[in-house]
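1. Quick check, what structure comes out for this input:
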Amino acid sequence: MIILGIETSCDETAASVIEGKGANLRVLFNVVSSQIEIHKKYNGVVPEIAAREHILNIMPVINEALGRNAISCVPESGEIMARKNAKYCVPTPAIDAIAVTVGPGLITSLLVGVETARTLSYAWKIPLVAVNHIEGHIRANFINHPQTPPLKGGGKLPAIILTVSGGHTMLVLLDKKNKFKIIGETRDDAAGEAFDKAAKLLNLGYPGGPIISKVAAEFLQNHPQTPHWKGGAPTTPRPLLEKEGGIVLPRPMLNDKNFDFSFSGLKTALLYKIQKDENWKNRVPEYCYEFERAVVETLVGKTVKAANKYGVKTMMLAGGVSANLALREEFQNAAAKLGLACQIPPQEYTTDNAAMIAAAGYFHAKKKDFTPWQKLKADSNLELK
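-> Down below sits the predicted model:
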């Protein structure tokens with residue numbers, strides 16, 4: 001089965017073609033047009049600008065994923081073709097279904113992908129699959145890759161999945177029937193959003209996650225005496241670390257009995273710390289290190305508790321923040337300590353991309369879970385089911 005995936009939930013315009021056979025999911029083409037450089041000067045994504053860029057990029061990206069010449073069907077004048085034979089300019093591709101992100105996300109961005117998918121479905125007479133963006137991130141774990149062999153036949157389910165990105169942080173239980181159940185989510189800021197806000201406080205720029213991670217890694221390399229976390233606990237007692245002048249930030253809700261997250265308080269704690277620290281500008285790397293460790297320890301600690309409670313066989317990591325090297329390392333260490341299988345997508349499939357959407361679409365298409373093009377709608381607050 002060949003699936004075309006389309007993703008425009010935020011500021012990446014992406015299209016991908018995957019081939020699915022049983023439990024084998026192989027990426028044939030994966031194209032991503034990023035807008036990071038455009039939004040950097042605003043320290044965040046501007047919805048109106050993102051939507052306009054999607055409109056400009058959507059068809060060229062899809063054409064590239066399908067192996068077409070993006071301008072072959074555009075008149076030299078640049079005007080839209082209105083002739084009756086215009087539909088013949090784009091012959092029906094050899095795909096079995098079109099999978100598109102319908103939510104959650106920025107509504108103006110989602111609409112570009114959804115309306116494009118609806119039009120192509122009508123013109124090509126190819127069925128549509130509505131995909132939840134969060135499910136897409138999760139299904140990235142099922143794409144074939146030499147370093148991360150895919151789960152096959154549900155043999156390693158149930159699984160606990162930490163899904164963490166700029167807009168979402170949640171713990172999801174995936175049962176043996178491939179059904180999702182949300183057991184915990186953020187009550188305010190998502191982890192990725194917290195990284196962005198922390199980077200802004202520290203005058204580091206946007207996006208915050210990669211910058212803080214890079215600075216934190218350099219700090220640890222240059223200060224090998226700095227306490228390092230193993231198995232969710234620092235090697236130096238935290239009260240002693242603080243007493244000796246080290247920077248200590250809270251691990252929000254880590255010891256609560258539920259599986260929810262909250263990162264707004266961590267950002268506020270960072271703000272108060274630098275306000276009281278006259279020398280904070282000279283200690284930015286140390287602040288980055290401690291902030292990253294606070295986020296990582298909280299995320300992994302909550303996941304371990306959930307894994308123990310639900311008796312899972314696998315721990316999975318998903319979402320844009322799963323590209324964070326410290327998180328990936330601690331996540332793998334925690335799974336190994338519990339004797340559980342560990343699934344983490346390759347770096348190229350962690351941030352928003354269409355391969356993950358096509359992968360999720362494959363699971364729905366196998367069950368013939370299609371949506372007529374007339375009924376396909378974008379939903380910016382779509383919940384995972």
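
2. Can you give me the buried ones in the single longest helix found in the chain?
-> As assigned by DSSP state H, the longest helix anywhere in the chain is helix 284-310. Neighbour-count burial for helix 284-310 flags 284-307, 310 (criterion: 16 or more other C-beta atoms under 10 Å). To be clear about C-beta, it is placed using only N, CA and C from the backbone, and glycine gets the same treatment.

3. Now do the helix or strand following it: which elements does it pack against?
-> Reading on from helix 284-310 to the C-terminus, the next helix or strand found by DSSP states H and E is strand 314-318. With contacts taken as 3 or more C-beta pairs under 8 Å, 6 or more residues apart in numbering; DSSP states H and E, strand 314-318 sits against helix 133-139, strand 159-164, helix 325-338, strand 341-343.

4. could you redo the last one with a cut-off of 10 Å?
-> Under the contact criterion of 3 or more C-beta pairs under 10 Å, 6 or more residues apart in numbering; DSSP states H and E, the helices and strands touching strand 314-318 comprise helix 133-139, strand 159-164, strand 169-174, helix 284-310, helix 325-338, strand 341-343.

5. got the CA coordinates for it in PDB?
-> The C-alpha coordinates for strand 314-318 follow below in PDB (Å, rounded to 0.1, in the frame of the first residue of the first chain):
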ATOM      1  CA  THR A 314       8.000  -0.900  25.700                       C
ATOM      2  CA  MET A 315       8.800   2.700  26.400                       C
ATOM      3  CA  MET A 316       8.400   5.000  23.300                       C
ATOM      4  CA  LEU A 317       9.500   8.600  22.800                       C
ATOM      5  CA  ALA A 318       7.800  10.900  20.300                       C
END
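
6. what are the pairing partners of that strand, and which direction each?
-> Paired strands of strand 314-318, with direction, are strand 159-164 (parallel), strand 341-343 (parallel) (DSSP bridges).

7. just the ones you listed: most buried one?
-> Per residue and on average, the most neighbours among these fall to strand 159-164, with a mean of 27 (mean count of other C-beta atoms under 10 Å).

8. returning to that earlier point: which among the strands paired with strand 314-318 is found nearest to Glu53?
-> strand 159-164 (25.2 Å; C-beta to C-beta).

9. Measure how that closest one sits relative to helix 284-310, angle-wise.
-> 150 degrees (axes from the mean of the first three to the mean of the last three C-alpha atoms, to 10 degrees).
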